[in-house]
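*Asks:* Okay, structure incoming, though there's no sequence with it:
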C-alpha cells in the first residue's frame, strides 16, 4: 500500500506544479505591455530632394500635391548617375504601398523593375489629362506614362501594392515640374 500513495502524491505534485507555472505565465502576460498595433511609420520630408531632382533631371519631376494627410511619404531618392532615377514612396491610408518612379533609362527595363515583373494589359485610362497604361501580374500593380510631358525617353510609373483606384489617386495628384 505504501507504493500506491507515493505515486498519487507524485501525480498530485506534478499537477500542482503545472498549475503554478500556468498561473505565473498568466501574471507575466498581464503585466508585460504588448503592442497590438502596426509599426509606427515615419513621415519623411522630401522637399530638399525634390528641389534637387527638379534642378538636375532632364524631365519634369513628379510629386503629388493635395493628397490627404493620411498619405505618408516614407522614402525618397534621386540618382542622376543611374539614368536620372527618381523615387518617392508613400504609405497609403489603408496601409498599402504606392510609389512614384521616373527614369530616362530603357523603358522596358525600367517598367519591369518599377512594377516588379508587371505586364502591359493594353488597358489605358485618362488621369489628369494624361493617358496611363495599366500593368499587372507582377509584385506591384502599375500605371505607366511614357514620354512624360513630351520628353522623349522619360518614363513615369506609379506602382505599388495598392489598388488601381489608389494608384489613380496618386497619378491624379502628381504635379510635374
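*Replies:* Now that the structure is in, tell me what you want to look at. On a predicted model such as this, the values are computed, not experimentally measured, just so you know.
*Asks:* what is the residue nearest the centre of the chain paired to in the beta sheet?
*Replies:* Residue closest to the average C-alpha location in the chain (CA atoms, centre = their mean): residue 97, at 2.6 Å. As for beta bridges, residue 97 partners with residue 91 under DSSP bridges.
*Asks:* Wait, it touches residue 73, no?
*Replies:* No: look at residue 97 against residue 73 with CB atoms under 8 Å: they stay out of range, at 11.6 Å. Backbone N, C-alpha and C define where each C-beta goes, glycine included.
*Asks:* who touches both of these two?
*Replies:* Counting by CB atoms under 8 Å, 6 or more residues apart in numbering, the residues touching both residue 97 and residue 73 are 89-90.
*Asks:* Helix or strand next in line after the longest helix seen in the chain, which one?
*Replies:* In the chain, assigned by DSSP state H, the helix with the most residues is helix 2-31. Using DSSP states H and E, the helix or strand that follows helix 2-31 in sequence is helix 47-56.
*Asks:* Please work out the average pLDDT along that following helix.
*Replies:* For helix 47-56, the mean pLDDT works out to 96.
*Asks:* hmm, back to that, how far away from the center of its chain is the longest helix of the chain?
*Replies:* 49 Å (CA atoms, centre = their mean, to the nearest Å).
*Asks:* list the helices and strands that helix packs on?
*Replies:* Of the remaining helices and strands, none touches helix 2-31 by 3 or more CB pairs under 8 Å, 6 or more residues apart in numbering; DSSP states H and E.
*Asks:* Please work out the average pLDDT along it.
*Replies:* 81.
*Asks:* Likewise for stretch 107-116?
*Replies:* Stretch 107-116 comes out at a mean pLDDT of 95.
*Asks:* Let the chain start at 688 from now.
*Replies:* Understood, numbering begins at 688; the last thing we discussed is stretch 794-803.
*Asks:* Please enumerate residues in contact with it?
*Replies:* Residues outside stretch 794-803 that contact it (CB under 8 Å, 6+ apart): 770, 786, 788, 790, 805, 822, 825-829, 831, 833, 840, 842, 844, 846.
*Asks:* what about 7 Å?
*Replies:* Residues outside stretch 794-803 that contact it (CB atoms under 7 Å, 6 or more residues apart in numbering): 788, 790, 822, 825-827, 829, 831, 833, 842, 844, 846.
*Asks:* quick one: which of the residues you listed is most hemmed in?
*Replies:* Neighbours here mean other CB atoms under 10 Å. Within these, the largest count is held by residue 844, at 30 neighbours.
*Asks:* I'd guessed that one sits against residue 831; true?
*Replies:* Yes: between residue 844 and residue 831 there is a contact at 5.3 Å, judged by CB atoms under 7 Å.
*Asks:* packing partners for the host helix or strand of residue 843?
*Replies:* Taking DSSP H and E as the definition, residue 843 sits inside strand 842-847. The helices and strands touching strand 842-847, judged by 3 or more CB pairs under 7 Å, 6 or more residues apart in numbering; DSSP states H and E, are strand 784-790, helix 794-802, strand 828-833, helix 851-860.
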